[in-house]
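In: Starting from these lines, generate the structure:
(one chain, ligands or ions: 2)
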Amino acid sequence: MSGGAGYIGSHVTVELIQAGYDVVVADNLSNCDLTCFEGVKKITGKSDLPFVKMDFCDHAATEGLFSSFKIDAVIHFAGFKAVGESVSDPLKYYSNNLGSFVNLLQVARAHGGCNVLFSSSATVYGEPEKSPATESTPRQSATSPYGNTKQICEDILRDSVKAYPEIKGIALRYFNPIGAHPSALIGELPRGVPNNLVPFITQTAVGKRECLSIFGNDYPTPDGTCLRDYIDIVDLAKAHVCAVRRMLDGQMEQPYEIYNIGTGRPVSVLELVTSFEKVNNLKLNYKFAARRPGDVTAIWADPALACEKLHWKAERSVEETLASAWAWEKHLAEQ
Ligand code: NAD
Ligand code: UDP
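Out: Ligands and ions are numbered 1, 2, ... in the order given. As a prediction, this is how the structure comes out:
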């Protein structure tokens, strides 16, 4: 698993191990430390879980990984993900997000091929004409270099499976992953000021930030704030197990498949904030602020294809997820 020590990777590692798979976690620790990796070991009781510190842009290191382990499937999480930073430093994003993926595919081919699961994003839909977005909703020109890397990586995978029969691929388009493992031993660890809504909410609640700004309350939505599809991190992780199983069990109907991973339920920013206050029994300091440039008004998933083909659907309620996010923030505060 590339980038496996990060937020999503650590939750996926737990679910894969609990489903009986052997996992190798590889990460260059550019956007995390070993906190979540250690948490994964505690949750699963797997104290000998293999970890390789390496950069997927490094050809020799990637070769070394494939030579040391028998790899049947790769989940590629490695990449940078800060939208704003990708605008100010696009080459950093193109070089890491594209370079690591091309390198990984080249090495996988040289070792006889591989099943490849790619972490894509609902950002590829831009502002869709209508939601829910299905997998055939047209992609729109990316509004950031980060979003562009997601589109290009999808295309790299699509073209590679077409040309090389030894590569099979699935792209999962995540909507908005939030929350933490119910154990509160792993969760999101943003560096610096969080860009995403839920870590900003929890950091405000714990007193690390003074006030949450809700970006825009004049959108054409029922309460004027943006609509998103917030997907619980454990539910999202389970979708990876289903996708890996489909690949390894030879169930794929096409060599390249795409699935939306979301709940199908739109939730507004204000609703999310109110639910957070209610479920955790606290008051959050927030104010309405100007719209954030580049934000789309509304997007949520049609997850029917994932339900039909991956036999997956979101199960945890938004309340449970928000309680888990808060439990994780409190766990961090106790460290
Ligand atoms: P994350 O930053 O927590 O995890 C990514 C990990 O990759 C980090 O641990 C980082 O150290 C590592 N990494 C980066 N470049 C690397 C390289 N060249 N070699 C080895 N390791 C490298 O982020 P996350 O939220 O867990 O996201 C995982 C993937 O899912 C990313 O590709 C991200 O773009 C994608 N995604 C995330 C979201 C989200 O909201 N979190 C939404 C859609 C898609
Ligand atoms: N948001 C907000 N305040 C914040 C962070 C985010 O109001 O401090 C809003 C943002 O405008 C968007 C929603 O929360 O409508 C989700 O934003 P996030 O960055 O978490 O995910 P995105 O959907 O932009 O990828």
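In: For this structure, list the residues in contact with ligand 2, please.
Out: Residues of the chain found near ligand 2, taking Cβ under 6 Å from any ligand atom as the criterion, are 176, 195-197, 200, 212-215, 226, 228, 269, 292, 295. Bear in mind the C-beta positions are built from the backbone N, C-alpha and C, glycine included.
In: Quick one: mark the members of those that sit in strands.
Out: The members of these that map onto strands under DSSP state E are 176, 212, 213, 214, 215, 228.
In: I'd assumed residue 104 was in contact with residue 59.
Out: No. Look at residue 59 against residue 104 with Cβ atoms under 8 Å: they stay out of range, at 9.9 Å.
In: Those two - which one has more neighbours?
Out: residue 104 (23 against 15; other Cβ atoms under 10 Å).
In: State the helix or strand in which that one lies.
Out: In this assignment (DSSP states H and E), residue 104 forms part of helix 99-110.
In: What are the contacting residues of that helix?
Out: 2, 55-59, 62-63, 65-66, 71, 74, 76, 78-79, 114, 116, 118, 153, 156-157, 160, 164, 166-167 (Cβ atoms under 8 Å, 6 or more residues apart in numbering).
In: before we move on, what about stretch 82-94?
Out: Outside of stretch 82-94, the residues that reach it under the criterion Cβ under 8 Å, 6+ apart are 80, 144, 145, 146, 147, 148, 149, 195, 294.
In: among those, which are in reach of ligand 1?
Out: Among those, ligand 1 is touched by none when using Cβ under 6 Å from any ligand atom.
In: Going through the residues of the chain next to ligand 2, which ones are buried?
Out: Of all the residues of the chain next to ligand 2 considered here, the ones buried according to neighbour count by 16 or more other Cβ atoms under 10 Å are 176, 196, 197, 200, 212, 214, 215, 226, 228, 269.
In: With adjacent residues omitted, what lies nearest to residue 216?
Out: With Cβ to Cβ, 6 or more residues apart in numbering as the measure, residue 291 is the residue that lies nearest to residue 216, at 3.6 Å, once sequence neighbours are left out.
In: Which pLDDT value does the model give the residue in the stretch 151-300 of the chain that ligand 1 sits nearest to?
Out: Shortest the stretch 151-300 of the chain-to-ligand 1 distance, computed as Cβ to the nearest ligand atom: residue-wise this is residue 174, at 4.0 Å. According to the predicted model, the pLDDT of residue 174 comes to 98.
In: and it, how many neighbours?
Out: One way to gauge burial is a neighbour count; for residue 174, by other Cβ under 10 Å, it gives 22.
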